[in-house]
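1. sequence first, predicted coordinates after that:
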Amino acid sequence: MAALERDGRFAGAPIDLADGYVHLSTEAQLTETVDKHFAGQKDLHVVAVDVAAHGQAVKWEPSRGGQLFPHLYAPMLLETAIAYGPLTRDADGKVRLPVAG
């Protein structure tokens, strides 16, 4: 999150850099993604991104169970962030999307 705010862009986490794209999830995929890939990690943040603003840099590709996931083949730009903040969950354990101010 600090890099996104400081630099206005985020090139990705180590797994993103290794795979060559920033892994994104839809709202419906988010909780499963966090639970599978970030279990037990603290200080996580969620960014709601306007994927359309990234144009053709976003490719919808099959992944887990054949679901289509948005993959961003460019740095994520702060100007395309609709909202961002610390990861929180509702009473059922579902990850909440951040609320824009």
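-> Alright, I've got the coordinates.
2. centroid-nearest residue for this protein?
-> Per C-alpha atoms, centre = their mean, the C-alpha nearest to the average position across the chain is that of Leu24, at 4.2 Å.
3. mind checking which helix or strand the nearest residue to Leu68 once chain neighbours are set aside is in?
-> With sequence-adjacent residues excluded and distances taken as C-beta to C-beta, 6 or more residues apart in numbering, Leu68 is closest to Trp60, at 4.4 Å. All C-beta spots, glycine's among them, are computed from the backbone N, C-alpha and C. Trp60 is located in strand 58-62, with elements delineated by DSSP states H and E.
4. helices and strands around whatever helix or strand comes next after that strand, which ones?
-> Proceeding N to C from strand 58-62, the next assigned helix or strand is strand 68-72, under DSSP H and E. Counting contacts by 3 or more C-beta pairs under 8 Å, 6 or more residues apart in numbering; DSSP states H and E, strand 68-72 is packed against strand 22-23, strand 58-62.
5. shaky segments in this structure?
-> 101 (pLDDT under 70).
6. ok, the closest residue to the residue nearest to the centre of the chain other than its chain neighbours - contacts?
-> Nearest non-adjacent residue to Leu24, counting by C-beta to C-beta, 6+ apart: Pro70, 4.2 Å away. Applying C-beta atoms under 8 Å, 6 or more residues apart in numbering to Pro70 gives the contacts Leu24, Ser25, Thr26, Val51, Val58, Lys59, Trp60.
7. gap between the third one and Glu61?
-> Right, the one you point to is Thr26. According to C-beta to C-beta, to the nearest Å, Thr26 and Glu61 sit 13 Å apart.
8. give me the common contacts of these two.
-> Common contacts of Thr26 and Glu61 (C-beta under 8 Å, 6+ apart): Phe69.
9. mind listing the strands for this structure?
-> Assigned by DSSP state E, the chain shows strands spanning 9-10, 22-23, 45-49, 58-62, 68-72, 76-77, 81-86, 88-89, 95-96.
10. thinking again about what came up before, number of residues surrounding the residue nearest to Leu68?
-> By other C-beta atoms under 10 Å, 13 other residues sit near Trp60.
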